[in-house]
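Asks: Using only what follows, build the 3D model:
(one chain, ligands or ions: 2)
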Amino acid sequence: MSKKRRNAKFFKLGSRIALYISALSALIAYLLVFFILEHSQSESLMVSGAILFTSFIIAYTVTYLLEFRRIKVLEQVSKNISKKRFEEIEDLRTLYDDELDYIIKHLIKSSRTVEREIQRLNRIENYRKEFIGDISHELKTPIFAIQGFIETLLNGALEDEEVNRDFLQKAMRNVNRLIFLTKDLMEISKLETGELKSELEDIYLYETIHEIAESLTYKAQKDNISLNITNIDKNLQVRADRNQIKQVLINLIENGIKYNIPGGSVDIGLTDSKNPNKINLFVKDSGIGIDETDIPRVTERFFRVDKSRSREKGGTGLGLAIVKHILEAHGEQLKIKSVPNEGSTFILTLTKSELDK
Ligand SMILES: Nc1ncnc2c1ncn2[C@@H]1O[C@H](COP(=O)(O)OP(=O)(O)O)[C@@H](O)[C@H]1O
Ligand SMILES: [Mg+2]
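Replies: Numbers count the residues shown, from 1 in each chain. Ligands and ions are numbered 1, 2, ... in the order given. Sure, this is the predicted structure:
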């Protein structure tokens with residue numbers, strides 16, 4: 001304790017400065033009194049001794065008042081940085097606007113940068129841990145299923161032609177799930193770490209939607225769902241990353257088909273936005289709908305209202321998470337409205353190209 005207290009009160013730098021100043025003052029005083037005023041040597045020594053003492057006290061006090069507190073702040077801030085105790089660093093009200101204040105201000109600023117950087121790295125680390133946990137969980141189901149089918153076949157079922165075929169088909173379905181999962185995982189990890197950048201260009205919206213709808217017609221017909229594109233100006237262009245916006249459309253329309261009922265429909269169209277630079281695109285289905293409490297969760301990675309239905313339809317639970325990330329990267333919004341047993345509407349904003357504003 002005593003060492004700490006001494007450290008806190010005794011200002012070493014101040015005493016050194018005071019010593020230099022007082023020694024110099026004493027020397028000048030001695031020379032002045034002895035040579036110019038021609039006093040005796042003992043008188044001159046006495047005067048210079050008194051000057052040495054008083055100037056030391058004055059110089060020490062002045063430097064103490066001017067710098068001691070601020071040097072202590074500096075010491076505290078750097079100690080806090082090395083101990084990663086950022087919350088204790090407060091903004092210091094600076095009084096003098098000199099070099100010392102400048103250094104303090106800069107050190108506080110740097111400590112904030114270090115703090116932010118540490119927080120960012122912690123976030124990435126947590127994300128990585130969670131992600132690996134999720135992935136291993138998701139991989140387990142299809143891998144164990146494949147293992148089960150192969151084991152049963154090896155244990156004798158190979159003889160039975162019917163079972164044989166059925167099990168191999170089931171194993172193949174799970175292999176396909178692994179392939180979808182790997183593709184979506186690669187996509188989402190690139191999006192979430194910011195590795196995949198959006199390259200904006202002017203895109204004809206009608207053409208893009210048509211292209212996607214055409215590629216999904218087979219799936220829709222298989223489930224007896226009608227796909228309708230309504231009210232989209234053929235010349236309207238939006239600014240977006242072509243592949244990413246296609247991915248958004250595929251994921252939303254595919255969901256509209258998957259979570260629908262036979263004879264249902266998926267409508268895709270545009271409505272005006274309050275913002276004249278934007279346009280709202282909707283994908284509306286007449287399907288099973290989403291419970292109100294689940295709506296905020298459907299864009300979470302791997303969240304599925306009904307796991308077995310999603311799995312049966314080849315879902316990975318990543319589709320809407322990918323949509324959310326792509327739209328965030330574009331600075332666009334996603335709104336979800338849904339009523340169970342009536343249907344869901346996914347509405348996203350898009351930015352009109354300069355020519356269309
Ligand atoms: N149009 C929709 N109608 C009803 N439920 C939906 C719809 N779109 C998404 N969902 C629900 O949200 C979950 C997450 O969607 P998504 O991320 O696309 O994953 P999935 O691979 O399961 O389709 C789905 O499993 C489903 O429960
Ligand atoms: Mg999906």
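
Asks: list the helices and strands the helix or strand containing Lys140 packs on?
Replies: The secondary structure element spanning Lys140 is helix 99-154 (assigned by DSSP states H and E). Taking 3 or more Cβ pairs under 8 Å, 6 or more residues apart in numbering; DSSP states H and E as contact, the helices and strands that helix 99-154 lies on are helix 69-83, helix 161-192. (Glycine included, C-beta is placed from N, CA and C.)

Asks: and the direction of that helix versus that of helix 161-192, what angle?
Replies: Here helix 99-154 runs at an angle of 170 degrees relative to helix 161-192 (axes from the mean of the first three to the mean of the last three Cα atoms, to 10 degrees).

Asks: Whether helix 99-154 contacts ligand 1 - can you check?
Replies: No: Helix 99-154 stays clear of ligand 1 (Cβ under 6 Å from any ligand atom), getting no nearer than 10.7 Å.

Asks: Any idea how far that helix is from the middle of the chain?
Replies: What separates the centre of helix 99-154 from the centre of its chain is 11 Å, taken as Cα atoms, centre = their mean, to the nearest Å.

Asks: ok but Leu350 is inside a helix, no?
Replies: No: according to DSSP: H, G, I helix; E, B strand; the rest coil, Leu350 belongs to no helix; its state is strand.

Asks: how about the strands in the stretch 151-300 of the chain?
Replies: Across the stretch 151-300 of the chain, reading from the start of the chain, the strands by DSSP state E, counting those that start in this stretch fall at 201-204, 226-230, 237-240, 265-272, 278-285.

Asks: picking that back up, how about the helices and strands packed on helix 99-154, which one is nearest ligand 1?
Replies: Ligand 1 lies closest to helix 161-192 among the helices and strands packed on helix 99-154, at 7.9 Å (Cβ to the nearest ligand atom).

Asks: Now do that closest one: distance to the chain's middle.
Replies: 30 Å.

Asks: ditto for stretch 262-273
Replies: The gap between the average C-alpha position of stretch 262-273 and the chain average comes to 32 Å, counting by Cα atoms, centre = their mean.

Asks: can you pull the buried residues of that stretch?
Replies: Gly264, Ser265, Val266, Asp267, Ile268, Leu270, Ser273 (16 or more other Cβ atoms under 10 Å).

Asks: quick revisit: would you turn the helices and strands packed on helix 99-154 into JSON lines with distance to Asp101, mean pLDDT and mean neighbour count?
Replies: Output for the helices and strands packed on helix 99-154, formatted as JSON lines (distance: least, Cβ to Cβ, whole Å; pLDDT from 0 to 100; neighbours: other Cβ atoms under 10 Å):
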{"stretch": "helix 69-83", "distance to Asp101": "7", "mean pLDDT": "86", "mean neighbour count": "15"}
{"stretch": "helix 161-192", "distance to Asp101": "42", "mean pLDDT": "89", "mean neighbour count": "15"}
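
Asks: I'd like those helices laid out as JSON lines, including distance to ligand 2.
Replies: Written out in JSON lines, the entries for the helices and strands packed on helix 99-154 read as follows (distance: least, Cβ to the ion, whole Å):
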{"stretch": "helix 69-83", "distance to ligand 2": "46"}
{"stretch": "helix 161-192", "distance to ligand 2": "9"}
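
Asks: Report the spatially nearest residue to whichever residue of the stretch 151-300 of the chain sits closest to ligand 2, omitting neighbours in sequence.
Replies: Taking Cβ to the ion as the measure, the stretch 151-300 of the chain has Asn255 as its residue closest to ligand 2, at 4.5 Å. If you skip the residues right next to it in sequence, Asn255 has Gly319 as its closest partner in space, 6.3 Å away by Cβ to Cβ, 6 or more residues apart in numbering.

Asks: Pull the contacting residues for that neighbour.
Replies: Gly319 makes contacts with Asp184, Asn251, Glu254, Asn255, as judged by Cβ atoms under 8 Å, 6 or more residues apart in numbering.

Asks: Highest neighbour count among those residues?
Replies: Among the contacts of Gly319, the one with the most neighbours (other Cβ atoms under 10 Å) is Asn255, at 23 neighbours.

Asks: Ligand 2 contacts on this protein?
Replies: Taking Cβ under 5 Å from the ion as the contact definition, the chain meets ligand 2 at Asn255, Gly315, Gly319.

Asks: and which of those is nearest Lys307?
Replies: Of all these, the one with the least separation from Lys307 (Cβ to Cβ) is Gly315, at 8.9 Å.

Asks: Over to that closest one. Which of the three states is it?
Replies: coil.

Asks: Leu348 contacts Leu281, doesn't it?
Replies: Yes: assessed by Cβ atoms under 8 Å, Leu348 is found in contact with Leu281 at 5.4 Å.

Asks: Ser344 falls within a strand, correct?
Replies: Yes: with three-state DSSP as the criterion, Ser344 is assigned to a strand.

Asks: what's the distance between it and ligand 1?
Replies: Between Ser344 and ligand 1 the distance, using Cβ to the nearest ligand atom, to the nearest Å, works out to 4 Å.
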